[in-house]
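Participant: could you work out the structure for the sequence below:
(one chain, ligands or ions: 2)
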Amino acid sequence: MKTEFAVLTGGPEDSSLYERAGACIRSGGLVAFPTETVYGLGGNGLDRTASGRIYAAKGRPSDNPLILHIARREDLLPLVKAVPSAADRLMDAFWPGPLTLIFRKNAVVPDETTGGLDTVAVRMPSHPAATAFLLAAGVPVAAPSANLSGRPSPTSAEHVRADMDGRIEMILDGGPCDIGLESTIVDVTEEVPVILRPGYIGLAALRELLGEIRVDPAVLSRPSEEIRPKAPGMKYRHYAPQAEMLLVEGPAGAVEDYIAEQCLGEETLRCGVLCSTESAPHYRARFEKAGRRLPVFPMGSLKQDEEIARHLFAALREVDRIGLDRVYTEAFRDGPLAEAIMNRLKKAAGYRIIEITGKE
Ligand code: TXA
Ligand code: MG
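Facilitator: Numbers count the residues shown, from 1 in each chain. Ligands and ions are numbered 1, 2, ... in the order given. Reported below is the predicted structural model:
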């Protein structure tokens with residue numbers, strides 16, 4: 001299949017692209033589109049065949065349910081059995097935006113879209129291109145992140161092209177994603193709402209709004225027989241680079257020393273470092289002094305962990321592109337997005353975490 005790559009300009013000429021993309025969705029095709037979190041791989045969410053095609057294009061297990069994307073809040077009502085009051089409060093505060101809610105589903109939503117669950121995930125994105133595309137489609141659009149299963153979520157149209165060229169009808173290029181991590185998921189079907197996936201909207205903001213909220217145990221630790229994630233997708237080894245990835249925690253100075261020594265001590269494996277812009281010069285100086293040119297990927301400033309979130313998945317893709325054998329990553333514990341960033345890093349590292357002690 002030939003994949004059409006359409007660059008959005010933000011001007012009136014985009015409207016014919018949205019029309020084409022919308023028509024493509026209605027006729028059962030697949031279109032990748034930008035959102036404020038990551039790029040989505042969209043298909044008609046009420047059409048079981050389209051959902052099947054999404055799983056096939058991603059190479060994704062079909063027990064992993066899809067999120068339905070809508071452009072207007074009233075589009076939610078036909079999809080769900082009830083809208084609990086907590087959901088109303090969450091939608092008032094955070095829709096449109098990076099928040100997905102889980103509801104009891106109505107029969108119009110096919111089992112293929114929800115991986116056989118009797119619940120459905122719904123999100124109303126805030127990216128203007130997503131809104132225009134969803135309005136043009138005129139149906140709820142089922143969209144997982146537009147990566148091949150097991151690869152990092154795409155935060156640019158180039159990432160989507162790398163994974164999906166030849167597998168889908170169309171890619172809408174709206175530039176890089178602003179947030180860079182997938183939406184926060186909250187299950188509102190329970191008496192006390194439960195966070196199934198941390199994201200840009202953090203625990204503190206949710207707790208302030210709702211009072212009581214729980215965090216699914218699988219968010220905090222490695223899923224196991226005892227700890228089964230309620231979001232089926234959270235059990236898969238996600239975002240995993242081909243390289244072996246190790247997460248190093250501890251006081252900043254000690255972490256830098258440890259990672260630099262490990263990288264320089266390794267003679268056969270090609271190592272690299274994911275880090276903050278603050279610590280990057282330290283690694284570079286150490287490597288240069290040793291006469292070694294090892295790759296260092298500064299993702300953003302510790303003072304602005306939004307930058308780190310925005311660049312994290314691109315950095316993981318870069319690690320793969322240059323074919324590193326091993327990558328060390330610093331832990332990011334202090335900023336407002338720490339929960340979401342650490343959740344993705346731990347999963348990417350397959351929960352291989354090294355804790356060190358030592359100088360601050
Ligand atoms: O930011 C996002 O949410 C992006 C953009 C494209 O909107 N989408 C996204 O979709 O990250 P995906 O498919 O990569 O992740 C969806 C997650 C999976 O972990 C899935 O298991 C969970 O949502 N999920 C979907 N429906 C669910 C349901 N009914 N109950 C529990 N978890 C659900
Ligand atoms: Mg995904």
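Participant: only C-alpha atoms for contact and neighbour calcs from this point on.
Facilitator: Fine.
Participant: would you agree Ala71 is in contact with Pro125?
Facilitator: Yes: under the criterion of CA atoms under 8 Å, Ala71 makes contact with Pro125 at 7.3 Å.
Participant: between those two, which contacts overlap?
Facilitator: Here Ala71 and Pro125 share the contacting residues Thr131, scored by CA atoms under 8 Å, 6 or more residues apart in numbering.
Participant: all helices for the stretch 251-360 of the chain, in order.
Facilitator: Taking DSSP state H, counting those that start in this stretch to define them, one finds helices in the stretch 251-360 of the chain at 252-265, 280-289, 305-321, 338-348.
Participant: let me have the ones you listed in JSON lines, adding distance to Ile356 and mean neighbour count as columns.
Facilitator: Below are the helices of the stretch 251-360 of the chain laid out as JSON lines (distance: least, CA to CA, whole Å; neighbours: other CA atoms under 10 Å):
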{"stretch": "helix 252-265", "distance to Ile356": "7", "mean neighbour count": "18"}
{"stretch": "helix 280-289", "distance to Ile356": "18", "mean neighbour count": "16"}
{"stretch": "helix 305-321", "distance to Ile356": "22", "mean neighbour count": "21"}
{"stretch": "helix 338-348", "distance to Ile356": "16", "mean neighbour count": "22"}
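Participant: Serialize those helices to JSON lines and add fields for distance to ligand 1 and mean pLDDT.
Facilitator: Listed next are the helices of the stretch 251-360 of the chain as JSON lines, based on distance: least, CA to the nearest ligand atom, whole Å; pLDDT from 0 to 100:
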{"stretch": "helix 252-265", "distance to ligand 1": "31", "mean pLDDT": "96"}
{"stretch": "helix 280-289", "distance to ligand 1": "29", "mean pLDDT": "98"}
{"stretch": "helix 305-321", "distance to ligand 1": "13", "mean pLDDT": "96"}
{"stretch": "helix 338-348", "distance to ligand 1": "12", "mean pLDDT": "95"}
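Participant: tell me which of the ones you listed sits nearest to Thr119.
Facilitator: Across those, Thr119 has its closest neighbour in helix 338-348 (23.7 Å, CA to CA).
Participant: against which helices or strands is that closest one packed?
Facilitator: Packing partners of helix 338-348 (3 or more CA pairs under 8 Å, 6 or more residues apart in numbering; DSSP states H and E): strand 244-249, helix 305-321.
Participant: got a list of contacts for the longest one?
Facilitator: Contacts to helix 305-321, defined as CA under 8 Å, 6+ apart, come from residues 151-155, 177-181, 239-243, 272, 274, 276, 297, 299-302, 327, 335-338, 341.
Participant: that one versus helix 338-348: what angle between them?
Facilitator: Orientation note: helix 305-321 sits at an angle of 10 degrees relative to helix 338-348 (axes from the mean of the first three to the mean of the last three CA atoms, to 10 degrees).
Participant: next, the angle from helix 305-321 to strand 244-249.
Facilitator: 150 degrees.
Participant: part of a strand, is Gly43?
Facilitator: Yes: assessed with DSSP: H, G, I helix; E, B strand; the rest coil, Gly43 lies in a strand.
Participant: list the contacts of the residue at minimal distance from the centre of the chain.
Facilitator: Nearest to the geometric centre of the chain sits Glu182, at 3.0 Å (CA atoms, centre = their mean). Contacts for Glu182 (CA under 8 Å, 6+ apart) come out as Thr37, Val38, Pro98, Ser145, Ser153, Gly199, Tyr200.
Participant: kindly report the residues of this protein close to ligand 1.
Facilitator: Proximity of the chain to ligand 1, by CA under 6 Å from any ligand atom, involves residues 37-40, 64-67, 102, 114, 117, 119-121, 143-145, 182-183, 230-234.
Participant: quick revisit: in strands, which of the contacts of helix 305-321 fall?
Facilitator: Gly272, Leu274, Phe297, Val327 (DSSP state E).
Participant: how close does Gly45 get to Asp163?
Facilitator: Distance from Gly45 to Asp163, counting by CA to CA, to the nearest Å: 21 Å.
Participant: now Arg72
Facilitator: Taken as CA to CA, the span from Arg72 to Asp163 is 30 Å.
Participant: just Glu226 next, same as before
Facilitator: Glu226 sits 34 Å away from Asp163, going by CA to CA.
Participant: hmm, back to that, dump the ones in strands among the contacts of helix 305-321 to a markdown table, plus pLDDT.
Facilitator: Converted to a markdown table, the ones in strands among the contacts of helix 305-321 look like this (pLDDT from 0 to 100):
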| residue | pLDDT |
| --- | --- |
| Gly272 | 97 |
| Leu274 | 98 |
| Phe297 | 98 |
| Val327 | 97 |
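Participant: nearest to ligand 1, of the residues you listed?
Facilitator: Nearest to ligand 1 among the ones in strands among the contacts of helix 305-321 is Leu274, at 22.5 Å by CA to the nearest ligand atom.
Participant: show me the contacts for Gly22.
Facilitator: For Gly22, the contact set (CA under 8 Å, 6+ apart) comprises Phe133, Leu134, Leu135, Ala136, Ala137, Gly138.
Participant: 7 Å instead, please
Facilitator: If a contact means CA atoms under 7 Å, 6 or more residues apart in numbering, then Gly22 has Phe133, Ala136, Ala137 as its contacts.
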